[in-house]
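Peer 1: the following comprises the amino acid sequence and a computationally predicted model.
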Amino acid sequence: MALTHVDLQTPEKMKKAIDINQAKELLIYTDFNFFWKFVDFNIYETTVPDRMHMLNLSIMKYLLEFAHEYLQQKVDAKAVKEMDHRLSKILCYPGLIILKNGLENVSKFTANDYCNIMKVIIFIIDNLYEDYKEEGILCRKLCSMFCLYLKIYMKLRQESFTDMELAELQVNIIKIFNV
């Protein structure tokens, strides 16, 4: 989190690097770049991965798959069925799309599906199970993990951050690894 210097790529910086023979060191091709002739267009900004897309499709997907597999292996199949049942029984609400098949087709979920699950996941998991087969994660800890992730997710939706917000974000990220 303590980023002291980030040097963003711009067409001007890339051209300069080529002009002073630093292209190889910076892994830049010396071929003419078609996009450089557009003054107000920065190809480097357009190809930066969308952090919200990554959060929706990568991290939330991983957390759901982890919870699903964990319940299957450490708790029992009933907990998995109950999770899917709870998810499918959520009443319709404007702006909330519920997946009637639960997490059955998680590999085909869209970012919008994950956003909808994020809105209800704490309620789905809360008091889902009491005991587990082997030593494992308490249900309240699993809820805490999702709760911390959602706090981080909401914080990362901002366009810019104060130093205090970055410090809070760092604390939450560290907490998620200690849940």
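Peer 2: Looks like it arrived, so ask away.
Peer 1: can you pull the contacts of Phe32?
Peer 2: Contact criterion Cβ atoms under 8 Å, 6 or more residues apart in numbering gives no residues in contact with Phe32. (C-beta placed from N, C-alpha, C; glycine too.)
Peer 1: go on, Gln158?
Peer 2: Contacts of Gln158 by Cβ under 8 Å, 6+ apart are Glu165.
Peer 1: check what pLDDT it gets.
Peer 2: Note on Gln158: pLDDT of 76.
Peer 1: for Asn116, same thing?
Peer 2: 81.
Peer 1: would you map out the domains in this structure?
Peer 2: 11-46, 51-178 (automatic domain parsing).
Peer 1: separation between Glu135 and Gln72?
Peer 2: As for Glu135, its distance to Gln72 is 16 Å (criterion: Cβ to Cβ, to the nearest Å).
Peer 1: who has more neighbours out of these two?
Peer 2: Gln72 (12 against 6; other Cβ atoms under 10 Å).
Peer 1: tally of neighbours for Glu130?
Peer 2: 9.
Peer 1: pull the CA atoms of the helix or strand harbouring Leu169 into PDB?
Peer 2: Using DSSP states H and E, Leu169 falls within helix 163-178. These are the backbone C-alpha positions of helix 163-178, laid out as PDB (Å, rounded to 0.1, in the frame of the first residue of the first chain):
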ATOM      1  CA  ASP A 163      -4.100   8.600   3.400                       C
ATOM      2  CA  MET A 164      -6.400   7.700   6.100                       C
ATOM      3  CA  GLU A 165      -8.600   5.600   3.800                       C
ATOM      4  CA  LEU A 166      -5.600   3.800   2.400                       C
ATOM      5  CA  ALA A 167      -4.500   3.000   6.000                       C
ATOM      6  CA  GLU A 168      -8.000   1.700   6.700                       C
ATOM      7  CA  LEU A 169      -7.900  -0.400   3.600                       C
ATOM      8  CA  GLN A 170      -4.500  -1.800   4.500                       C
ATOM      9  CA  VAL A 171      -5.800  -2.800   7.900                       C
ATOM     10  CA  ASN A 172      -8.800  -4.600   6.400                       C
ATOM     11  CA  ILE A 173      -6.600  -6.400   3.900                       C
ATOM     12  CA  ILE A 174      -4.400  -7.600   6.700                       C
ATOM     13  CA  LYS A 175      -7.400  -8.600   8.700                       C
ATOM     14  CA  ILE A 176      -8.800 -10.800   5.900                       C
ATOM     15  CA  PHE A 177      -5.700 -12.900   6.000                       C
ATOM     16  CA  ASN A 178      -6.000 -13.400   9.700                       C
END
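Peer 1: which element follows the helix or strand of the chain with the lowest mean pLDDT toward the C-terminus?
Peer 2: For the chain, the helix or strand with the lowest mean confidence is helix 51-54, at a mean of 59 (criterion: mean pLDDT, DSSP states H and E). Next helix or strand after helix 51-54 toward the C-terminus (DSSP H and E): helix 60-70.
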